[in-house]
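Undergrad: sequence first, predicted model second:
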Amino acid sequence: MNDFKILFVDDDKQILEIIELYLKRHGYEITTSNNGFEALDLISKGSFSLVFTDLIMPEISGLDLLKSVKQINPDIDVIIVTGYGTIESAIEALKLGGYDYLQKPINFERLKILIDRIVEKRRLQLENILIKRRLKDRFSYDQIIGKSAPMQQIYEVIDRISLSNPTVLIQGESGTGKELVANVIHQNSIRKDKPFIPVNCGAISEGLLESELFGHVKGAFTGAVKDNIGLFMAADGGTLFLDEIAEVPPPVQVKLLRALQEKKIRRVGDTQEIDVNVRIIAATNKNLDKAIEQKTFRKDLYYRLNVISIKMPALREIKEDIPHLVNHFIKKFGQSTKRNVKGISPEAMDLLTGYHWPGNVRQLENVIERAFALGSGEIIDSTDLPSEIRSLQKEETRQELDFNLSANEKRLIIRALKHAKGNKAEAAKLLGINLTTVYRKLEKYRINDLLAAS
Ligand SMILES: Nc1ncnc2c1ncn2[C@@H]1O[C@H](COP(=O)(O)OP(=O)(O)OP(=O)(O)O)[C@@H](O)[C@H]1O
Ligand SMILES: [Mg+2]
């Protein structure tokens with residue numbers, strides 16, 4: 001295994017020499033130290049995977065060394081080497097997070113088995129991480145479904161920020177999954193055991209928003225009959241999801257900026273400031289650049305929020321994900337409604353992938369839910385879909401049954417022109433007629449006007 005470094009600590013230099021010789025001969029990367037403090041120094045600077053330490057040493061005991069190693073890096077495995085009659089301490093070592101113990105006099109065979117077992121354990125851990133990554137590359141990340149390139153990029157961002165807590169701004173049309181992504185970011189962060197609190201800033205009246213967010217003290221305003229801790233404090237240690245951030249009125253924007261910069265809030269009516277530790281994820285379906293231009297949104301707040309920026313794709317931009325989403329929702333509603341729906345007909349799926357989805361994933365979810373409510377078969381069919389989606393099909397069928405020669409000719413010419421990206425010579429070739437005929441037909445059906453208008 002590359003990069004598997006071993007440190008062996010013992011106050012007996014002779015033992016160290018023998019061990020070093022033996023392990024080097026067997027291809028292991030080994031460093032030795034006969035002083036506990038020097039060993040700690042080496043550990044905090046180096047990148048050891050495994051530390052062997054003698055139990056009784058003059059400067060620092062093996063157990064204390066174990067504790068310190070685990071503080072420096074809990075991923076380092078520690079094995080205590082014990083002399084005769086100190087088995088109780090060895091057991092104590094296991095309780096403190098030691099991996100195992102090795103008895104003196106050292107049996108080289110057992111030493112090697114121990115090391116190889118840890119190498120194998122680490123290899124499996126790494127493999128698991130890689131498999132998980134690869135799975136994520138397929139079609140989902142927790143509850144988020146989608147394998148298109150824009151979704152993969154979002155998954156990468158979620159991975160990248162999982163260990164730090166940067167402020168995130170999520171932008172995208174309504175129904176694209178902004179809140180879902182905010183939630184998954186929280187669930188994959190070190191704050192996952194603390195609250196995730198969503199606030200719809202657009203749904204709270206201007207006068208109340210400040211006290212909702214920051215709290216108030218009793219008597220701060222009419223109706224403030226008792227102290228109220230506000231959402232910032234409720235989310236302490238966790239994540240506050242500020243949805244519809246563009247709707248926050250300018251006076252509250254100033255206070256938000258202060259909370260982000262100073263990590264302090266002041267309750268309405270209070271003179272004291274309170275420290276808060278809250279991670280902010282904000283979202284909006286409005287164009288914030290425009291709001292900044294129109295001076296309804298503060299530029300400095302925008303920069304504070306936009307540390308990490310996530311742009312949710314509209315569903316029409318990731319049509320390849322539609323079949324995965326459809327199957328996901330069929331499974332979801334199958335479970336919640338106990339209706340036995342096995343799948344969807346190819347025609348219905350075609351209609352769904354062809355539609356332009358102004359309401360994005362939420363609309364798609366609603367369409368499948370509606371099909372569950374209205375349909376009765378085991379397969380969702382075109383007839384279970386709403387008329388605006390089915391009307392795509394009607395257009396097609398109508399065209400197929402239309403025997404009107406000139407109407408079809410006109411349609412064919414338009415199609416050929418579109419296919420040739422407006423190149424008339426190319427269109428003539430596709431249609432199997434000459435260029436002059438194309439010009440004549442364009443004139444006849446007034447197609448130039450039509451194309452210009454579309
Ligand atoms: N990629 C996805 N995979 C699975 N479900 C999704 C996905 N995107 C959205 N959804 C589902 O669609 C619905 C709408 O998503 P969400 O509420 O996160 O959208 P939004 O962007 O916050 O919308 P709005 O701007 O209207 O608040 C939710 O039920 C959500 O679970
Ligand atoms: Mg939302």
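TA: Cool, the structure landed. Numbering: from 1, shown residues only. Ligands and ions are numbered 1, 2, ... in the order given.
Undergrad: how much space is there between the closest residue to Tyr101 other than its chain neighbours and ligand 1?
TA: Closest residue to Tyr101 apart from its sequence neighbours, by Cβ to Cβ, 6 or more residues apart in numbering: Ala90 at 3.8 Å. In short, each C-beta sits where N, CA and C put it, glycine included. Here the criterion is Cβ to the nearest ligand atom, to the nearest Å. By it, Ala90 lies 51 Å from ligand 1.
Undergrad: secondary structure element for Ala90, which one?
TA: Ala90 belongs to helix 87-95 when elements are defined using DSSP states H and E.
Undergrad: ok, now Val184?
TA: Using DSSP H and E, Val184 sits within helix 178-187.
Undergrad: for Ile310, same thing?
TA: strand 308-311.
Undergrad: buried residues, whichever helix or strand comes after the helix holding Ala90. List them.
TA: Downstream of helix 87-95, the next assigned helix or strand under DSSP H and E is strand 100-103. When burial is assessed from 16 or more other Cβ atoms under 10 Å, strand 100-103 yields the following buried residues: Tyr101.
Undergrad: again with stretch 437-445
TA: Val438, Lys441, Leu442, Tyr445.
Undergrad: please apply the same query to stretch 258-276.
TA: Arg258, Ala259, Leu260, Ile265, Arg266, Arg267, Val268, Ile274, Val276.
Undergrad: take those residues and keep only those in helices.
TA: Secondary structure defined by DSSP state H assigns Arg258, Ala259, Leu260 of the buried residues of stretch 258-276 to helices.
Undergrad: export those residues to CSV and tack on pLDDT and distance to ligand 1?
TA: Below are these laid out as CSV (pLDDT from 0 to 100; distance: Cβ to the nearest ligand atom, whole Å):
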residue, pLDDT, distance to ligand 1
Arg258, 92, 26
Ala259, 93, 22
Leu260, 92, 21
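Undergrad: of the residues you listed, which is the nearest to Gln171?
TA: Nearest to Gln171 out of those is Leu260 (Cβ to Cβ; 17.7 Å).
Undergrad: any idea which helix or strand carries Pro313?
TA: Going by DSSP H and E, Pro313 is not in any helix or strand.
Undergrad: what is the burial count for it?
TA: Pro313 is flanked by 20 other residues according to other Cβ atoms under 10 Å.
Undergrad: then Val51?
TA: 27.
Undergrad: next up, phi/psi of it, please.
TA: As for Val51, its main-chain torsions (degrees, to the nearest 10) stand at phi -120, psi 130.
Undergrad: so which bits of the helix holding Val184 are buried?
TA: In helix 178-187, counting by 16+ other Cβ under 10 Å, buried: Lys178, Leu180, Val181, Ala182, Asn183, Val184, Ile185, His186.
Undergrad: so can I have JSON lines of these showing pLDDT and distance to Leu40?
TA: Formatted as JSON lines, these follow (pLDDT from 0 to 100; distance: Cβ to Cβ, whole Å):
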{"residue": "Lys178", "pLDDT": "98", "distance to Leu40": "47"}
{"residue": "Leu180", "pLDDT": "98", "distance to Leu40": "45"}
{"residue": "Val181", "pLDDT": "98", "distance to Leu40": "42"}
{"residue": "Ala182", "pLDDT": "98", "distance to Leu40": "41"}
{"residue": "Asn183", "pLDDT": "97", "distance to Leu40": "41"}
{"residue": "Val184", "pLDDT": "96", "distance to Leu40": "39"}
{"residue": "Ile185", "pLDDT": "96", "distance to Leu40": "36"}
{"residue": "His186", "pLDDT": "95", "distance to Leu40": "36"}
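Undergrad: out of those residues, who's near ligand 1?
TA: Lys178, Leu180 (Cβ under 6 Å from any ligand atom).
Undergrad: Ala428: which of the buried residues of helix 178-187 is nearest?
TA: Out of the buried residues of helix 178-187, the member with the shortest distance to Ala428 (by Cβ to Cβ) is Lys178, at 48.2 Å.
Undergrad: show me what contacts the closest one?
TA: The contact partners of Lys178, taken as Cβ atoms under 8 Å, 6 or more residues apart in numbering, are Ile170, Gln171, Gly172, Asp243, Ala283, Asn285, Met312.
Undergrad: could you export stretch 112-119 as PDB, CA atoms only?
TA: Only the C-alpha atoms of stretch 112-119 are listed here, as PDB (Å, rounded to 0.1, in the frame of the first residue of the first chain):
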ATOM      1  CA  LYS A 112       3.600  -8.600  10.400                       C
ATOM      2  CA  ILE A 113       0.100 -10.100  10.600                       C
ATOM      3  CA  LEU A 114      -1.100  -7.100  12.700                       C
ATOM      4  CA  ILE A 115       0.400  -4.600  10.200                       C
ATOM      5  CA  ASP A 116      -1.100  -6.400   7.200                       C
ATOM      6  CA  ARG A 117      -4.500  -6.500   8.800                       C
ATOM      7  CA  ILE A 118      -4.400  -2.700   9.200                       C
ATOM      8  CA  VAL A 119      -3.200  -2.200   5.700                       C
END
